[in-house]
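Visitor: Next one to model:
(4 chains)
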Amino acid sequence: MSAIVHLHSAVALIGRFPALAGVDLDVDPGEILLLRGPNGAGKTTLLGVCAGLIGLSSGEAVVLGEDLTSHRRAVRRRVGLLGHDSFLYQDLSVVENLDFWSRAAAATVADGRAALDRLGVASRLFELPVHALSAGQRRRVSFAAMICRRPELWLLDEPHAGLDSAGRDLVDGLMQEAAASGATVMFASHELDRAENVAHRAVTISGGVILPASQPEPASQPEPASQPEP
Amino acid sequence: MTTTKTESLSTVPAAPTGTGSRGTRVLGAVALLFLVIAVAYGLLISPPDAQLGNTIRIIYMHVPTVMAAYLAFLITAVSSGMYLWKRTEFWDLLGSSAAEIGVLFFAVTIVDGALWGKVTWGVFWRWEPRLTTSAVLLIMYIGYLAVRAIPADPKTRATRCAIIGLVAVVNIPIVHKAVDWWRGLHQGKTVLGTIDPEMGGTQLFAMYSALVAGILVCVWLLIHRFRAGFLAERASDLGLDQALEERRLESSPAQGADS
Amino acid sequence: MTQTRGVFGDALLIARKDLLLERRAKIGLGQVIPFAILVLLLFAFALDPDRGVLKQATPGLFWVTVLFSSVLTLQRSFGLEAEDGILEALRLSGLSPAGIYLGKVTALTIELLLLEAVLVLGVAVLYDTEFLGIPLLLAIAVTATLGISAAGAVYGALAARLRSRETLLPLLLLPLLAPVLIAATRGCEVSLQREAMSGWPWAALLGIFALVYLTLGSFLFRPLLEDA
Amino acid sequence: MSGASMTETLCIIGAWLVTFGAVGAYAASVILRGRRLSKIVPPEQRRWM
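Guide: Numbering: from 1, shown residues only, chains lettered A, B, ... in the order given. From the prediction side, this is the model:
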């Protein structure tokens, strides 16, 4: 089975700044990969490249079988990105946001409700506008909006940030579940103790490149490679 | 562009020290020749017009500049479309260079038109269709240059400009139609901006030599401006390789810099 | 996997979302409409109503007010999309860019038509206008508004991510809308029987303007979302 | 020379001066900018296309 993510000498510029300065990375199907590294190392840019949002200025990138240098847009429907931004309309209520984003992603409204339920968003919050939510609640709603797309590749930027410990456990559980069901997860985190427990493998990114592996012990064996089910 | 051909045929490449080349110098000389003829005929030799009197001498400047401006905006429009298709730096630079030159010639056109108005009507400005149209279009393209001037990623900037270039150019005929109808209801056809077929021989000669000179100067400027733009891009790329190197070095001292 | 909804389905989704946002946040109702009424008042102060100038200039003042209000509406409409990573989310969503564009145009047109309806009331009360030639007035209002939205959505989206958007959007948009102002004003004057010629050519010009920019915008929105 | 023809002459001269002046000044600025940038850019990158 070929890699879900294959990057070779990938260089990505943000403006004229080389945020990625030649990344080599392969991620296998069903793997949970932790990206660690200092702030400004290029983690967010790397996730953006994998999502097909940021173009490469040189190098190779193939994600989910799509060549990003020629078909950057094709991959987008198939990935789920959880970024620093909430990706939510502040003035719309929780369900209105979920209804909109699930339908935009060609999922059903029921998928959106199920995702909210899965993230443990209390139904008393459903009618509240997003700007009235706490940071943790908002994060859960963003997460719900992401998983209702049923992505084949999860790209999570600091998924634990802003969550209480119950929320973090929930996120860890979701990632493991996703990987078990054939999806692939890449996430960036600063909370290394927790993150390394979940991840099958960790790579360190610094200065826009991936450092040669000094791999930590895998917490668990990667799931046997299987064709990810849409 | 023809000049580049001349460029590559010329004896071997000492690196240029500016935006000039043999091609542009030849072109510049020809343009200058036409300019001299235009000055001689337009200001001195040709007689005053039967209807316009001496103010026709302003028209000798007004028509070439407006033609050059429209030529430049046409180039901007074509380049904008080509950029969105081909996504190459060439079309971006050509389009933005032409827009700048178009704005220059358009501004001059409006000043000339206002001076003609001062003589003919006694006031600088009348809501005459051509002047009004030109003023609106001028501001539209000033907007283009304003967006161009915002520092941004080169690709982003190029896309923005290409979009504005296309949006603006399709407005030109609509503005013309609207303003013509708007004013045309009140006034007869105006002389400003048209070449009267009844013009005398020397007048026609003055007009056409000025027109040719205007177009040649426009093209000559465009080549220089394009090359200056190209150099400016290379100058801002200069740091790039170095930045890439430095970026990679960031990772080496801090081994496995976790947290 | 994903069933495609098509461009018009996407447009409907976006338009409904925008109108819902307006219902929730009430920026148009609470801020833009009061602003527009205020402009009408200011014109009355500037052009003393007793001298009759106001009455003569009513169509022009009306459309100038609409243009200024539309700049505010556009800024609001696309400011929302540029916040909180929404633009990235839209790019990821798989909605077609043309669909997003047409949806925004639809919502904007509806919002601006509502604004105009309120302004018409304001003009009727404050400037004592008599309305004649209603079909032509309606045709002009609809085509002009569609044109403003169609051209405005392109520049609104373009300016939304620029730091100097507050000054750039009017600089870019208002000259572009000059023909709309001319045609809508003259058309309304004709309609109010101030001119003895048919106003339908003006409505046709407005229709052409709207059509040209709807077509162009549908094509340009992809590069606009991707790279601008 | 009457006042009217005075204005006429001034305006005609003015139009030609404005045209030549503006285009000339712009041309000079472009050429100078090109020379200045040429000094910064390494020789092998100075060729266009």
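
Visitor: where does the chain dip in pLDDT?
Guide: I went with chain A, as the question did not name one. Along chain A, segments meeting pLDDT under 70 span A:1, A:214-230.

Visitor: that's the wrong chain, I wanted chain D
Guide: For chain D, residues meeting the criterion pLDDT under 70 lie at D:1-3, D:48-49.

Visitor: Now do the contacts for the residue of it found nearest chain C.
Guide: Residue nearest to chain C within chain D (CB to the nearest CB): D:A22, separated by 21.3 Å. (Each C-beta comes from the backbone N, C-alpha and C, glycine too.) For D:A22, the contact set (CB atoms under 8 Å, 6 or more residues apart in numbering or on different chains) comprises B:104, B:107-108, B:111.

Visitor: By neighbours, which of those residues wins?
Guide: B:V108 (26 neighbours; other CB atoms under 10 Å in any protein chain shown).

Visitor: so C:P201 makes contact with B:W181?
Guide: Yes - if you go by CB atoms under 8 Å, C:P201 and B:W181 touch, sitting 7.1 Å apart.

Visitor: thinking again about what came up before, in a helix, the residue of chain D closest to chain C, correct?
Guide: Yes - assessed with DSSP: H, G, I helix; E, B strand; the rest coil, D:A22 lies in a helix.

Visitor: that older thread, contacts with chain D among the contacts of D:A22, please.
Guide: Filtering those for proximity to chain D by CB under 8 Å from any CB of the partner chain leaves B:104, B:107-108, B:111.

Visitor: residues from chain C in reach of chain A?
Guide: By the rule CB under 8 Å from any CB, the part of chain C lying against chain A is C:1-5, C:10, C:13, C:17, C:20-21, C:24-25, C:80, C:83-86, C:88-95, C:226.

Visitor: Close to chain B as well: tell me which of those residues qualify.
Guide: C:E226.

Visitor: Give me the buried subset of the residues of chain C next to chain A.
Guide: C:5, C:10, C:13, C:17, C:20-21, C:25, C:80, C:84-86, C:88-95, C:226 (16 or more other CB atoms under 10 Å in any protein chain shown).

Visitor: how about the ones next to chain D among the contacts of D:A22 in TSV, adding secondary structure, distance to chain A and pLDDT?
Guide: Below are the ones next to chain D among the contacts of D:A22 laid out as TSV (DSSP: H, G, I helix; E, B strand; the rest coil; distance: CB to the nearest CB, whole Å; pLDDT from 0 to 100):
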residue	secondary structure	distance to chain A	pLDDT
B:L104	helix	29	97
B:A107	helix	32	95
B:V108	helix	35	95
B:V111	helix	38	93
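
Visitor: Just say helix, strand or coil for the most far-flung residue of chain A relative to its centre.
Guide: Residue farthest from the centre of chain A, counting by CA atoms, centre = their mean, is A:R124 at 27.5 Å. Going by three-state DSSP, the secondary structure assigned to A:R124 is helix.

Visitor: what's the average pLDDT for stretch B:49-57?
Guide: Per-residue pLDDT over stretch B:49-57 has a mean of 80.

Visitor: give me phi/psi at the one residue in chain A that gets nearest to chain B?
Guide: Proximity of chain A to chain B (CB to the nearest CB) peaks at A:G207, 2.9 Å away. Here the main-chain torsion angles of A:G207 (degrees, to the nearest 10) amount to phi 60, psi 30.

Visitor: so what's the nearest residue to it once chain neighbours are set aside up against?
Guide: In this structure, A:G207 finds its nearest non-sequential neighbour in B:E250, 2.9 Å apart by CB to CB, 6 or more residues apart in numbering or on different chains. Contact analysis of B:E250 by CB under 8 Å, 6+ apart lists A:41, A:206-208.

Visitor: Of those, just the buried ones, PyMOL syntax please.
Guide: To isolate the buried subset of those in PyMOL, counting by 16+ other CB under 10 Å, use the following:
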select buried, chain A and resi 41+206+207+208
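
Visitor: between the contacts of B:E250, which is nearest chain D?
Guide: Looking across the contacts of B:E250 and measuring by CB to the nearest CB, the closest to chain D is A:G208, at 24.0 Å.

Visitor: just checking, that closest one touches A:G40?
Guide: No - judged on CB under 8 Å, A:G208 makes no contact with A:G40 at a distance of 9.1 Å.

Visitor: is the helix or strand encompassing B:W181 up against chain C anywhere?
Guide: Assessed by DSSP states H and E, B:W181 sits inside helix B:154-184. Yes - applying CB under 8 Å from any CB, one finds helix B:154-184 touching chain C at B:155-156, B:158-160, B:162-164, B:166-168, B:170-171, B:174-175, B:177-179, B:181-182.

Visitor: Filter the residues you listed down to the buried ones.
Guide: Neighbour counting with 16+ other CB under 10 Å marks B:155, B:158-160, B:162-164, B:166-168, B:170-171, B:174-175, B:177-179, B:181-182 as buried within those.

Visitor: Give the closest residue to C:L108 in space, chain neighbours not counted.
Guide: C:S149 (3.9 Å).

Visitor: err, B:I110, not the other one
Guide: In space, B:I110 is closest to B:S134, 5.3 Å off (CB to CB, 6+ apart).

Visitor: Am I right that that neighbour falls within a helix?
Guide: Yes - under three-state DSSP, B:S134 sits within a helix.

Visitor: what about it, neighbour count?
Guide: Around B:S134 there are 22 residues (other CB under 10 Å).

Visitor: How about A:R73?
Guide: 16.

Visitor: Look up how far C:L87 lies from it.
Guide: 14 Å (CB to CB, to the nearest Å).

Visitor: likewise A:E152?
Guide: As judged by CB to CB, A:E152 and C:L87 stand 23 Å apart.

Visitor: More neighbours: the two, which one.
Guide: Remark: of A:E152 and C:L87, A:E152 carries more neighbours, 24 against 19, as counted by other CB under 10 Å.

Visitor: pretty sure that one contacts A:V75?
Guide: No - counting by CB under 8 Å, A:E152 stays clear of A:V75, with 9.3 Å between them.

Visitor: which residues are common contacts for these two?
Guide: A:L64.

Visitor: What are the buried residues along the helix or strand where B:V119 lies?
Guide: Here B:V119 is covered by helix B:89-121, with elements defined by DSSP H and E. Within helix B:89-121, the residues scored as buried using 16+ other CB under 10 Å are B:89-120.
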